[in-house]
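coords please:
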Amino acid sequence: MKILSIEQVREADAYTIKNEPVDSIDLMERAAKVCYKWMTKNFASTDRIKIFCGLGNNGGDGLA
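Coordinates of the predicted model:
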């Protein structure tokens with residue numbers, strides 16, 4: 001697992017938006033789908049998961 005700094009995440013987002021036909025909202029949804037698939041594979045359906053979001057785009061990421 002890679003842990004990225006805030007700056008690295010911003011650079012990765014900007015690179016993806018620039019080089020793929022995807023906007024920031026669709027990128028958030030894409031990331032949410034991958035995260036959901038990972039969680040359903042690695043957690044029991046009876047486990048509770050809470051998502052806390054900070055300011056900025058984190059709110060959109062958490063909502064997606």
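
Just the element for the residue nearest the centre of the chain, please.
Centroid-nearest residue in the chain, with Cα atoms, centre = their mean: residue 31, separated by 4.0 Å. Residue 31 is part of helix 24-42, with elements assigned from DSSP states H and E.

Following the chain onward from that helix, which element is next?
Downstream of helix 24-42 (by DSSP H and E), the next one is helix 57-63.

Which secondary structure elements does that following helix sit against?
helix 24-42 (3 or more Cβ pairs under 8 Å, 6 or more residues apart in numbering; DSSP states H and E). For glycine as for every other residue, the C-beta is placed from the backbone atoms N, C-alpha and C.

mean confidence score for the host helix or strand of residue 11?
Secondary structure assignment for residue 11, by DSSP H and E: helix 6-19. The pLDDT scores in helix 6-19 average 90.

Send over it as CSV, restricted to the C-alpha atoms.
Listed next in CSV are the C-alpha coordinates belonging to helix 6-19 (Å, rounded to 0.1, in the frame of the first residue of the first chain):
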residue,chain,number,x,y,z
ILE,A,6,-1.5,15.8,0.1
GLU,A,7,0.7,17.3,-2.6
GLN,A,8,1.2,13.9,-4.2
VAL,A,9,-2.6,13.2,-4.2
ARG,A,10,-3.2,16.6,-5.8
GLU,A,11,-0.6,16.0,-8.5
ALA,A,12,-2.1,12.5,-9.2
ASP,A,13,-5.6,14.0,-9.5
ALA,A,14,-4.4,16.8,-11.8
TYR,A,15,-2.4,14.3,-14.0
THR,A,16,-5.4,12.0,-14.3
ILE,A,17,-7.8,14.8,-15.2
LYS,A,18,-5.4,16.2,-17.7
ASN,A,19,-4.5,12.9,-19.4
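
Lovely, talk soon.
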